[in-house]
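Q: Fold the stuff below for me.
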Amino acid sequence: MNQQPEKQYWSGVVCMFCGRRTPLPASTGPKTSEGRRVLILRCRVCGKEAPYQASEMFEFQEEGRGAKSATSAG
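A: Presented below is the predicted three-dimensional model:
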C-alpha cells in the first residue's frame, strides 16, 4: 500500500517583525473594527504583538507531521 504524507492546513499570519509564520489561535476569532476584520496577535517566536487585517491572514500547508522548513539559518 502506498501512503502519501497527510497534508495539514492551518490559518496564520506572517509576523511583521521577524517574518515567521504564526498560527491563529483557535479560541480567538477576528474582531470587527470600523467594518474591517482585525486580529491582534503575539508572535510565538519573537514575542512582539501587532494588529493584522483579514487580508494578511493566510492558509498555510505543511506535509506530514513535524514537517519544517529546510532553512534554519537567518
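Q: which regions of the protein sit below the pLDDT cut-off?
A: Residues of the chain meeting the criterion pLDDT under 70: 1-5, 27-36, 63-74.
Q: And the strands in it, which stretches?
A: 7-14, 21-23, 31-33, 36-42, 49-53, 57-63 (DSSP state E).
Q: and the angle for the first one with strand 49-53?
A: Here the directions of strand 7-14 and strand 49-53 differ by 110 degrees (axes from the mean of the first three to the mean of the last three C-alpha atoms, to 10 degrees).
Q: for strand 7-14, packing partners?
A: Secondary-structure packing of strand 7-14 (3 or more C-beta pairs under 8 Å, 6 or more residues apart in numbering; DSSP states H and E): strand 21-23, strand 57-63. Where C-beta positions appear, they are placed from N, C-alpha and C, glycine not excepted.
Q: Looking at the ones you listed, spot the one closest to residue 6.
A: strand 57-63 (7.6 Å; C-beta to C-beta).
Q: got the buried residues for the closest one?
A: Buried residues in strand 57-63, counted by 16 or more other C-beta atoms under 10 Å: 57, 62.
Q: could you check the angle strand 7-14 makes with it?
A: For strand 57-63 against strand 7-14, the angle by the same axes, to 10 degrees is 140 degrees.
Q: quick one: strands adjacent to strand 57-63?
A: Applying DSSP bridges, strand 57-63 is found paired with strand 7-14 (antiparallel).
Q: residues in contact with the strand it pairs with?
A: With C-beta atoms under 8 Å, 6 or more residues apart in numbering as the test, strand 7-14 has contacts from 20-24, 39, 41, 52, 56-65.
Q: Try it again at 7 Å.
A: The contact list for strand 7-14, computed with C-beta atoms under 7 Å, 6 or more residues apart in numbering, reads 21-24, 41, 52, 56-63.
Q: again, but for stretch 38-52
A: Residues from elsewhere that reach stretch 38-52 (C-beta under 7 Å, 6+ apart): 13, 15, 16, 17, 18, 20, 22, 24, 30, 31, 53.
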